[in-house]
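Undergrad: coords below, sequence missing:
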Ligand SMILES: Cc1cc2nc3c(=O)[nH]c(=O)nc-3n(C[C@H](O)[C@H](O)[C@H](O)COP(=O)(O)OP(=O)(O)OC[C@H]3O[C@@H](n4cnc5c(N)ncnc54)[C@H](O)[C@@H]3O)c2cc1C
């Protein structure tokens, strides 16, 4: 499997994922095929996921610039076509209490507003673009996996209400009946905004809209080499080259460490996997997730899950570390065991789909959106840490703004900084393995204590 720390780019031999979204999706939209010959373009965008497609749409629609997207495989082949489907007020993975402590209340509030705008951007896009992506009603639950976590959720409720001015609400264990069943229902934080959808259809809608505003989307066109000729960037693809003065890098967790030395080691690609079961019986639905809302739990290595419209369970989490190990059956079993521990009524149910993808985690676990220093007109955004459905689309519009020569003004100044490099890049995965061991041990200890 493609591994950004090992391979130079996702090449044609990389298969499509065994994803539920590909099965239930409609026909892929038309694209402009591979780059052929030598092109000179205004703005080149590397990566055709939400970030790149949103930037292409905004360039055409808001700034009158026809962008050229280079996608290594097919549009939304990366995370955007294969994610867990939750569009939330989220981005990165820093608890709000730590964010307030590190950056102060004003910055935390400004960041929350930026994330909130992200979700509004997606809502607007779906309605103005008439994107048929099976958007579900709003409502997100962060569920206490252990009784001891309920207190932390109550404190988080207070922080949401008093610092961020947001009406999150604590729901006690009794209030979860008819919403979230099973032995791990110890109370939850309810967030009224956030919904699930078909992520691949959302990306395809963006793709169509971007093309209708003049963007060209070249598939099977990985940037395999990058040269600078004065003010111009020359991007080499297998069947042609693209010259552009302005470049947007939108490769996020799929960024190979060989794409450009300036970008190397600034994100850690982290593998996230999903299983989708066969349709549940009515009794299984009632004993697991009677509500179809977005759910995730409070474990150190958290699980996210939802009931799909055809009553299948989608259940995701992190386990594999390298691409060469990601297809090992024990990772599928890890998710299955966690799912049936949470919902014993699902014991024995078969799994119809199992796939994974690379999310990007920065050293501070926060996203970025900035003009890359010392590279001329090069702009990049990413680092959503597995929470990027809405924020990637939002930051795509900010990349377009910057590429059009206007500033990205935000009260969350950290967003606009170049992420620090991971030190000891060659040992990066050893550190990740140790962190996973520690988090597993902590979760297991809490489970033992809870009996
Ligand atoms: C299993 C899984 C579950 C997730 N669940 C959720 C969720 O429920 N909610 C949420 O908010 N977020 C979730 N995410 C994260 C979310 O999907 C991402 O944050 C978001 O899709 C990022 O979009 P992107 O466009 O920045 O990157 P991607 O969609 O990953 O796009 C990057 C693209 O760059 C291309 N590329 C790479 N190198 C090159 C090159 N050299 N030349 C040309 N193209 C190149 C790749 O082929 C890829 O298509 C999940 C991710 C995964 C993997």
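TA: Happy to help now that I have it. Bear in mind that the values here come from a model prediction, so they are computed numbers and not experimental data.
Undergrad: what about the helices in the stretch 1-150 of the chain?
TA: Remark: helices assigned in the stretch 1-150 of the chain by DSSP state H, counting those that start in this stretch are 20-24, 50-63, 96-103, 105-128, 150-162.
Undergrad: which outside residues touch the third one?
TA: The contact list for helix 96-103 (Cβ atoms under 8 Å, 6 or more residues apart in numbering) reads 94, 107-108, 111-112, 155-156, 159-160, 163-164, 412, 414. Heads up, the C-betas are built off the backbone N, CA and C, glycines and all.
Undergrad: how about the residues of the stretch 251-400 of the chain by the ligand?
TA: 251-254, 256, 259, 272, 274, 304, 316, 356-357, 359, 382, 384, 386-389, 392 (Cβ under 6 Å from any ligand atom).
Undergrad: now, which of the residues you listed lie within helices?
TA: The helices, defined by DSSP state H, take in 389, 392 from those.
Undergrad: picking up where we left off before, deepest-packed of the helices of the stretch 1-150 of the chain, please.
TA: helix 50-63 (a mean of 27; mean count of other Cβ atoms under 10 Å).
Undergrad: tell me what it is packed against?
TA: Applying 3 or more Cβ pairs under 8 Å, 6 or more residues apart in numbering; DSSP states H and E, one finds that helix 50-63 contacts strand 37-46, strand 67-70, helix 199-212, helix 389-403.
Undergrad: the longest one: what's the following helix or strand?
TA: So the one you mean is helix 389-403. Using DSSP states H and E, the helix or strand that directly follows helix 389-403 along the chain is helix 428-450.
Undergrad: ok so, going back, of the helices of the stretch 1-150 of the chain, which is nearest residue 435?
TA: Residue 435 sits nearest to helix 96-103 of all these, at 16.2 Å, using Cβ to Cβ.
Undergrad: the inter-axis angle of the closest one versus helix 105-128?
TA: 120 degrees (axes from the mean of the first three to the mean of the last three Cα atoms, to 10 degrees).
Undergrad: run the chain-centre distance for helix 96-103.
TA: 22 Å (Cα atoms, centre = their mean, to the nearest Å).
Undergrad: what about that helix, average pLDDT?
TA: For helix 96-103, mean pLDDT rounds to 97.
Undergrad: the ligand contacts on the stretch 1-150 of the chain?
TA: 9-10, 46-52, 70-73, 77-80, 82-86, 88, 90.
Undergrad: recalculate using a threshold of 8 Å.
TA: 4, 8-10, 46-54, 70-88, 90-91 (Cβ under 8 Å from any ligand atom).
Undergrad: of those, grab the buried ones for ChimeraX.
TA: In ChimeraX, this line selects whichever of these come out buried by 16 or more other Cβ atoms under 10 Å:
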select :4,9,10,46,47,48,49,50,51,52,53,54,70,71,72,73,74,75,76,77,78,79,80,81,82,83,84,85,86,87,88,90,91
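Undergrad: wait, residue 72 touches residue 218, no?
TA: No - with contacts counted by Cβ atoms under 8 Å, residue 72 stays clear of residue 218, the gap being 10.0 Å.
Undergrad: output the below-cut-off pLDDT ranges for this protein.
TA: Scanning the chain with the threshold set as pLDDT under 70 gives 451.
Undergrad: now the strands for the stretch 201-350 of the chain?
TA: 216-218, 225-229, 232-237, 240-249, 268-277, 294-297, 304-307, 313-318 (DSSP state E, counting those that start in this stretch).
Undergrad: other SSEs contacting the last one?
TA: On a contact count with 3+ Cβ pairs under 8 Å, 6+ apart, strand 313-318 meets strand 268-277, strand 304-307, helix 329-342.
Undergrad: dump those to TSV, plus distance to residue 16 and mean neighbour count.
TA: Output for the helices and strands packed on strand 313-318, formatted as TSV (distance: least, Cβ to Cβ, whole Å; neighbours: other Cβ atoms under 10 Å):
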stretch	distance to residue 16	mean neighbour count
strand 268-277	14	23
strand 304-307	22	23
helix 329-342	18	18
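Undergrad: residue 173: which of those is closest?
TA: helix 329-342 (14.2 Å).
Undergrad: from the contact counts, what lies against the closest one?
TA: Contact here means 3+ Cβ pairs under 8 Å, 6+ apart; on that basis helix 329-342 packs against strand 268-277, strand 313-318, strand 351-361.
Undergrad: note down every partner strand of the first one and its orientation.
TA: The reference is to strand 268-277. Paired neighbours of strand 268-277 in the sheet (DSSP bridges): strand 313-318 (antiparallel), strand 351-361 (antiparallel).
Undergrad: now those in TSV, with distance to residue 331 and mean neighbour count?
TA: Compiled in TSV, the strands paired with strand 268-277 are given as follows (distance: least, Cβ to Cβ, whole Å; neighbours: other Cβ under 10 Å):
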stretch	distance to residue 331	mean neighbour count
strand 313-318	9	23
strand 351-361	8	22
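Undergrad: and of the ones you listed, who's closest to residue 337?
TA: strand 313-318 (10.6 Å).
Undergrad: quick one, phi psi at the closest residue to the ligand within the stretch 301-450 of the chain?
TA: The minimum distance from the stretch 301-450 of the chain to the ligand, using Cβ to the nearest ligand atom, falls at residue 388 (2.1 Å). With angles defined as degrees, to the nearest 10, residue 388 sits at phi -130, psi 10.
Undergrad: ok, and the closest non-adjacent residue to it?
TA: residue 91 (6.4 Å; Cβ to Cβ, 6 or more residues apart in numbering).
Undergrad: right, and residue 341 touches residue 184 too?
TA: Yes - counting by Cβ under 8 Å, residue 341 does reach residue 184; the two are 7.4 Å apart.
Undergrad: which of the residues of the stretch 1-150 of the chain next to the ligand fall within strands?
TA: 46, 70, 86, 87 (DSSP state E).
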